[in-house]
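Peer 1: Okay, sequence plus prediction incoming.
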Amino acid sequence: MIADDIWAKLLWAGLNLSHADLPETQSGKFYPFELVHAITLFWLFSGLRSDEIARLRVGCIRWEHDDTPIVGDSDRVLARDVVCLLDVPVHRTGTAFTKPVDPILGQALDFAEIMVDRRGHDLNAWISRTRREGSPALRSFAAGLVRDLDAVTAGLTLPHSSGAVEGHVNRIKMLKRQMYGRANFDLLRKLVIHAG
């Protein structure tokens with residue numbers, strides 16, 4: 001059990017996470033900021049243990065809307081608001097279960113699914129829904145996406161990747177850091193050409 005004051009601090013830190021909060025290694029950030037931010041939000045709002053989080057798969061979020069009948073013997077309907085349900089799959093020692101979670105988690109996972117499935121054509125719908133219903137952090141993220149919407153949509157749609165180029169850039173930066181103050185550009189050029 002986490003005390004209320006500690007939980008409030010964790011919640012504030014998770015919602016206000018920034019690039020500067022991540023540790024720096026010799027080769028840069030250990031994990032991409034977006035990944036750390038998504039996992040942080042997920043941990044804060046899902047109420048799941050780490051082994052349950054690791055079992056989640058694409059499609060684990062379901063949205064139930066107004067006046068949807070409750071499954072089973074009940075003649076009742078859901079509340080007026082949208083309910084976000086998380087399906088946690090079966091495990092060696094536990095059964096599968098579904099639980100309601102905070103909508104911010106559902107919106108973040110919806111975006112993650114757009115990225116994983118490369119469905120850039122769904123991005124505009126996600127941005128408009130997030131602007132209407134999202135938390136301030138997600139609305140800010142969506143506003144950042146809109147600033148360069150064509151590039152983001154292309155990145156989420158096209159099969160091309162800049163991974164190989166980024167790898168070479170990181171290798172050059174590592175060589176430059178290793179040589180800091182020891183040599184000039186000509187030696188760095190030779191190292192890059194011969195190390196490749």
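Peer 2: Received it, and whenever you're ready, just let me know what you need.

Peer 1: Which residue ranges of the chain form strands?
Peer 2: With strands called from DSSP state E, the chain shows them at 24-25, 28-29, 61-64, 83-88, 97-101.

Peer 1: Now do the second one, average pLDDT.
Peer 2: In this model, strand 28-29 has a mean pLDDT of 64.

Peer 1: Check stretch 147-165 too.
Peer 2: Stretch 147-165 comes out at a mean pLDDT of 84.

Peer 1: What's the end-to-end length of that stretch?
Peer 2: One end of stretch 147-165 to the other measures 24 Å (CA to CA, to the nearest Å).

Peer 1: Which residue is the nearest non-sequential neighbour of V146?
Peer 2: Nearest residue to V146, sequence neighbours excluded (CB to CB, 6 or more residues apart in numbering): I127, at 6.3 Å. Quick note: C-beta positions are derived from backbone N, CA and C, even for glycine.

Peer 1: In contact with that neighbour, which residues?
Peer 2: The contact partners of I127, by CB atoms under 8 Å, 6 or more residues apart in numbering, come to 142, 145-146.

Peer 1: are any of the residues you listed buried, and which?
Peer 2: Buried residues within the contacts of I127, defined by neighbour count using 16 or more other CB atoms under 10 Å: 142, 145.

Peer 1: Just send the contacts of I127 back as CSV, with distance to T157 too.
Peer 2: Shown next, in CSV, are the contacts of I127 (distance: CB to CB, whole Å):
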residue, distance to T157
A142, 18
L145, 14
V146, 16
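
Peer 1: got the domain boundaries for the protein?
Peer 2: What automatic domain parsing lists as the domains of the chain is 4-121, 161-196.

Peer 1: Pull out the buried positions in the shortest one.
Peer 2: What that stands for is domain 161-196. Within domain 161-196, the residues scored as buried using 16+ other CB under 10 Å are 188, 191.

Peer 1: Relative to the whole chain's centre, how far out is that domain?
Peer 2: 30 Å (CA atoms, centre = their mean, to the nearest Å).

Peer 1: got it, and stretch 91-104?
Peer 2: So, by CA atoms, centre = their mean, the centroid of stretch 91-104 is 19 Å from its chain's centroid.

Peer 1: For it, measure first residue to last.
Peer 2: End residues of stretch 91-104 are separated by 26 Å (CA to CA).

Peer 1: If you count neighbours, what's buried in that stretch?
Peer 2: Across stretch 91-104, burial judged by 16+ other CB under 10 Å covers 101-104.

Peer 1: among the residues you listed, which are in helices?
Peer 2: Counting by DSSP state H, the part of the buried residues of stretch 91-104 found in helices is 103-104.

Peer 1: quick revisit: in helices only, show me the contacts of I127.
Peer 2: Short answer: the contacts of I127 in helices (DSSP H) are 142, 145-146.

Peer 1: closest to L17 out of the strands of the chain?
Peer 2: Closest of the strands of the chain to L17 is strand 28-29, at 12.7 Å (criterion: CB to CB).

Peer 1: Packing partners of the longest helix that the chain contains?
Peer 2: Secondary structure of the chain per DSSP H: the longest helix is helix 163-178. Using 3 or more CB pairs under 8 Å, 6 or more residues apart in numbering; DSSP states H and E as the contact test, the elements touching helix 163-178 are helix 185-195.
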